[in-house]
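1. My questions are about this predicted structure, shown below with the sequence.
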Amino acid sequence: MPDADVGAAAPLTAAQVDTETQRAVEAFLYRQAEILDDGRWDDWLGLFMPDGRYWMPARADQMQGDGVPNIFWEDLDLMRVRIRRNTHPHAWSQSPPNRLSHVVSNVVIERVAANGDLTVRSKFHCSEYLRYEVRHFAGKYRHELVKDGDRAGAYRIRLQRVDLLNAEGPFDYVIQWWL
Amino acid sequence: MRNGDRDISRLVEPDRVHRLCYTDPDIFEQEMERIHESLWVYVGHKSQVKEPGDYYTAQIGRQPMIMVRGKDGEVRVFYNRCPHRGAMLCSDRSGNAGHRFRCSYHAWMYNFDGTVASIPATNGYDGTRMKLAEGDAGLKPAARVDNYRGFYFASLSPDGPDLETFLGGATLTFDQLVDRAPDGDVEVVGDCFRMIQKSNWKIFLENQLDVSHPSATHESTGVAAGQVEREMEKRDGRKAPLAYSFISAFKTPIEDWVKFDTVGHPYGHCFLAGYMGLRPQDPDTVEYETLLKQAHGEEKGEAILSTDLHHVLVYPSLSVQPPLQQLRAIRPLGVDRTLTEIWHFRLKGAPEAIYRRALDYYYLVNSPSTMVNADDLHNFWKCHQGLSTEGGDWVSLHRNYGSDSERDGVLYSAPGTMSEMPLRHMMQAWAGYMGAGDESVGNGSGGG
Ligand code: FES
Ligand SMILES: [Fe+2]
C-alpha cells in the first residue's frame, strides 16, 4: 500500500461531511500548528499514534516514503532524538533559537471511513525566524487521522505527509524542526 | 594581495593561512580559474545518464555544463550555452533531450556529440564567415572528459595530468565504492540533496578531515541519540537499530578521536580512516560479506571489506564516504556561498538491508533535515563571519605541526594525534595551484 496518494482525490461534498467534523478537523490542524510554533514538544509527540509518522518527500511525485530518500521520515523515536538534540544547551545551530509561525488553510476532507478515521488535506505557509532573518516555506499537508477513542472531535496522526513547494531544493541551510 | 604569485605565497605558511584566502573576492575568481576550471572536477556518475539523450547539468567553477549520453553510448560534457546567440541550452536540471538538443530561442539543433544537426533556413549563412561545414557553431566541449570506473570528471583546461594520474592514490575511493557491490557496479539512488552553505568552499573541505571537531560540534546529537538508543533498548529488550549508532557515535569523547589516522596524497587529496564499526556480525552483514566474498574470492573480498576509510577528499570537488556509499560534490557559488550536491549510491547485488543501512545514514547525516550537518553548516557560517573581520589575520593549522611523516610523496599524520596535517596539506596544494610552490606534492608536513 502506498503511504499516501500524490494526487488530489475528489473532496467529499459539503453534504457528505457534517459541519461538526469539518470544524473538529480544522481545530485539530490549528492546534498542531500552534504546538509546533510554541515548541510544546510533549504535546507534539501526543498528536501522533504510537506508530505514527511524519513524512516530507524529497520529490513532488514520490509515491512512498519507505526505502527511498526523504527530507523527513520520522517515527516517534527519531522525533525524540530531534527534540532532545535541538533543546540540548550545546545544539549550536539553536543559538539563537529559530522560531516558526504557521498559517494552515484550505482544509479539505477527502475521506471519512465508517469508523470515523479521516484523510484530510490542507495548505500551509510557514515563516521561520532564523539567525535574525526571516525565510519562508509553503506547501501542502495530507493527514491520515485516526479517531482517538470516543471523545468527539479527537484525533491522532497515523501519517502526516508534507509536500514542500521546493522539495527538490536547493535549500539554504537545513530544516531543523518539522514544518 | 591582488594577483601576483608572490602575494599568494605570503598568504599560505606551512602552519597557518591568511584569512583572505577564504574571503577575498579577487582570490576567489583566481581560484575558480586556476583550480576549479583547470583541475579534474567531478561531473556525475554514469547512472545519471543511462539512455542516449539523457542529460544532467552541473556547474564546474563558474561554468554551467551539460553531461549527456550520445547515441553511440559515449558520455560527453559541453558548456550549457547555445553557440548562436548564447542562450542557455538546457534549463531543466536533467532530462532526456530526445533525438537531439533543440535550442528554445531559434530552434538550432545539436547532436549529442556537439555537432550542429540543423539550423532553420540555413541558406542564410551561405557566403558568410560562418562555415557550418567546417564545424563552426558546434557546442563547446569541456577540454577533457574522462571517467574512473563510471565516475565522470571534466577538466576545462587542456593541460595537466590525465585523470588517473591526478587521482593517484585517491582511485581507491572509487574502487571501494564499486568493489563493495557484489555485482561490481553501483547506481545513484534518486536525485541528490542540494544544500547551500554560507561559507567559502575550502571551509567545507577542511571540515571533512578535521577529527578534532566532531565531539565538540556534534555533542548534542551524540547525547540525544545515545539517550534514546538506551531507552529503546530498555523498552524493546533488543539492540536499537544500527542507524542510532551512526549519530550516538558523536558522543565519543574528544580524546578518543586520536585513533583516526589521516593521509595526504599528491594533488591535495586526503584520507581519513574509519571509525563507524560497519562490520557488525548481524545476519544481514554476514549475508552481505558472504556474497561479496563469493564475487571476489575470500582474500580479495576480505581486503575490500577491511579497508578502513571514512572520508576521502578528492581535491577540489568531492568528499566521499565509500563504506556508506555517500558522495558530496562541491559547487562554489561565490566567495561566501557553496552548493553541495549529496548523492547516495546503491551497491548492486547487495542485500536490501545493506542499502537501507546506508540510506539511514543518508537521512540522518546528509538530508536537508540533518541533525548532524546542521551544526557543521552553522559553524562554517560562523567561521566565514569571523574570517571576514579584522579581529585577526591568521587561521591556525598548528596542531601536531612538525610530527607528520612522508613516504613516497604521501604524508601521514603522527599516529595517535588529531593532527591538522590534512588541512596544511590541502592549503599547500592550493598555494601550488595558485602559482606559489609545488601543487603536486603539497608538502604539509613542513619538516621538523
Ligand atoms: S540562441 Fe539558440 S538558436 Fe538562437
Ligand atoms: Fe561535522
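-> Structure received. Ligands and ions are numbered 1, 2, ... in the order given.
2. all helices of the chain, in order?
-> All of this is about chain A. Ranges of helices in chain A, per DSSP state H, are A:19-38, A:41-46, A:76-87.
3. could you do chain B instead?
-> B:5-11, B:20-23, B:25-31, B:163-167, B:171-179, B:201-208, B:214-217, B:219-236, B:242-248, B:283-296, B:298-306, B:352-361, B:373-387, B:421-433.
4. In terms of mean pLDDT, which of these ranks lowest?
-> Note on those: lowest mean pLDDT is at helix B:5-11, with a mean of 77.
5. buried residues in it?
-> Within helix B:5-11, the residues that qualify as buried are B:Asp7, B:Ile8, B:Leu11, counting by 16 or more other CB atoms under 10 Å in any protein chain shown. Where you see a C-beta, it was placed from the backbone N, CA and C, and this is true even at glycine.
6. so who does the second one touch?
-> By CB atoms under 8 Å, 6 or more residues apart in numbering or on different chains, the contact set of B:Ile8 is B:Ile27, B:Ala431, B:Met434, B:Gly435, B:Ala436.
7. I figured the second one hits B:Ser9, correct?
-> When you say that, I think you mean B:Ala431. Yes - with contacts counted by CB atoms under 8 Å, B:Ala431 reaches B:Ser9, the gap being 6.3 Å.
8. Leaving out sequence neighbours, find the closest residue to B:Ile254.
-> B:Ser215 (4.4 Å; CB to CB, 6 or more residues apart in numbering or on different chains).
9. How about B:Thr122?
-> Spatial nearest neighbour of B:Thr122, chain neighbours left out: B:Leu132 (6.9 Å); criterion: CB to CB, 6+ apart.
10. before we move on, what about B:Val365?
-> B:Val372 is the one closest to B:Val365 (CB to CB, 6+ apart), at 4.6 Å.
11. ditto for B:Ser38
-> Nearest to B:Ser38 is B:Ser157, by CB to CB, 6+ apart, at 4.2 Å.
12. List the residues that contact the one you found.
-> So B:Ser157 contacts B:Glu37, B:Ser38, B:Leu39, B:Ala143, B:Arg144 (CB under 8 Å, 6+ apart).
13. which residues touch B:Lys140?
-> B:Lys140 touches B:Phe78, B:Tyr79, B:Arg81, B:Pro83, B:Gly114, counting by CB under 8 Å, 6+ apart.
14. Can you report how many residues lie near B:Pro64?
-> Counted by other CB atoms under 10 Å in any protein chain shown, the residues lying close to B:Pro64 total 15.
15. what do you get for B:Val189?
-> The number of residues near B:Val189, taken as other CB under 10 Å, comes to 19.
16. Is it in contact with A:Gly67, as I believe?
-> No - here B:Val189 lies out of contact with A:Gly67, judged by CB under 8 Å, at a distance of 9.7 Å.
17. So for the two, which residues contact both of them?
-> With contacts taken as CB under 8 Å, 6+ apart, B:Val189 and A:Gly67 have B:Tyr355, B:Leu359 as neighbours in common.
18. For B:Glu341, see how far away the residue of chain A found nearest ligand 1 is.
-> When scored by CB to the nearest ligand atom, chain A has A:Glu168 as its residue closest to ligand 1, at 26.0 Å. From A:Glu168 over to B:Glu341 the distance is 12 Å, taken as CB to CB, to the nearest Å.
19. any shared contact partners between these two?
-> With CB under 8 Å, 6+ apart, A:Glu168 and B:Glu341 have common neighbours B:Arg194.
20. tell me, how many neighbours does the closest residue to B:Leu333 other than its chain neighbours end up with?
-> For B:Leu333, ignoring the flanking residues on the chain, the nearest one in space by CB to CB, 6+ apart is B:Leu339 at 5.4 Å. If you count neighbours by other CB under 10 Å, B:Leu339 ends up with 18.
21. what's B:Leu339 in contact with, if anything?
-> A:Pro170, B:Gln59, B:Arg194, B:Met195, B:Ile196, B:Gln197, B:Ile330, B:Arg331, B:Pro332, B:Leu333.
22. Now, those that are in strands?
-> B:Gln59, B:Arg194, B:Met195, B:Ile196, B:Gln197, B:Ile330, B:Arg331, B:Pro332, B:Leu333 (DSSP state E).
23. Looks like the second one contacts A:Gly169 (just checking).
-> Spelled out, it's B:Arg194. Yes - counting by CB under 8 Å, A:Gly169 is a contact partner of B:Arg194 at 3.7 Å.
24. B:Val77 and B:Pro316, how far apart?
-> Distance, B:Val77 to B:Pro316, using CB to CB: 17 Å.
25. ok, now B:Lys50?
-> 28 Å.
26. The two: which has the busier surroundings?
-> Higher neighbour count among B:Lys50 and B:Pro316: B:Pro316, with 26 against 11, using other CB under 10 Å.
27. Setting aside sequence-adjacent positions, which residue approaches the more buried one most closely?
-> Closest residue to B:Pro316 apart from its sequence neighbours, by CB to CB, 6+ apart: B:Ile35 at 5.2 Å.
28. Now do the one you found: how many residues are near it, please.
-> Other residues close to B:Ile35 by other CB under 10 Å number 23.
29. That one contacts B:Gly432, doesn't it?
-> No - using CB under 8 Å as the test, B:Ile35 is too far from B:Gly432 to be in contact (10.0 Å).
30. Contact partners for the residue positioned nearest the centre of chain A?
-> Chain A has A:Gln160 as the residue nearest its centroid, 4.8 Å off, counting by CA atoms, centre = their mean. Contacts for A:Gln160 (CB under 8 Å, 6+ apart) come out as A:Phe48, A:Gly52, A:Arg53, A:Tyr54, A:Trp55, A:Tyr141, A:Arg142, A:His143, A:Glu144.
31. related to what we said a few turns ago, A:Glu168 and B:Glu341 - which one has more neighbours?
-> Using other CB under 10 Å, the more surrounded residue of A:Glu168 and B:Glu341 is B:Glu341, with 20 against 16.
32. what sits against the more buried one?
-> B:Glu341 sits next to B:Ala58, B:Cys192, B:Phe193, B:Arg194, B:Arg328, B:Ala329, B:Arg331 when contact means CB under 8 Å, 6+ apart.
33. Counting neighbours, what do you get for A:Pro50?
-> 8.
34. I'd guessed it sits against A:Leu76; true?
-> Yes - the criterion here is CB under 8 Å, and A:Pro50 meets it with A:Leu76 at 6.7 Å.
35. how far away is B:Lys382 from A:Val68?
-> Taking CB to CB as the measure, B:Lys382 falls 34 Å from A:Val68.
36. re earlier: write the PyMOL selection for whichever of the contacts of B:Ser157 are buried.
-> Remark: buried members of those, expressed as a PyMOL selection using 16+ other CB under 10 Å:
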select buried, chain B and resi 37+38+39+144
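37. taking the contacts of B:Ser157 one by one, which sit in strands?
-> Those of the contacts of B:Ser157 lying in strands (DSSP E): B:Arg144.
38. Nearest to ligand 1 among the contacts of B:Ser157?
-> Looking across the contacts of B:Ser157 and measuring by CB to the nearest ligand atom, the closest to ligand 1 is B:Ala143, at 22.6 Å.
39. residues in contact with the closest one?
-> Neighbouring residues of B:Ala143 by CB under 8 Å, 6+ apart: B:Ala154, B:Ser155, B:Leu156, B:Ser157, B:Pro158.
40. For the last one, give me the pLDDT.
-> Looking back up the chat, that one is B:Pro158. 97.
41. give me every residue that touches it.
-> Contacts for B:Pro158 (CB under 8 Å, 6+ apart) come out as B:Ala143, B:Arg144.
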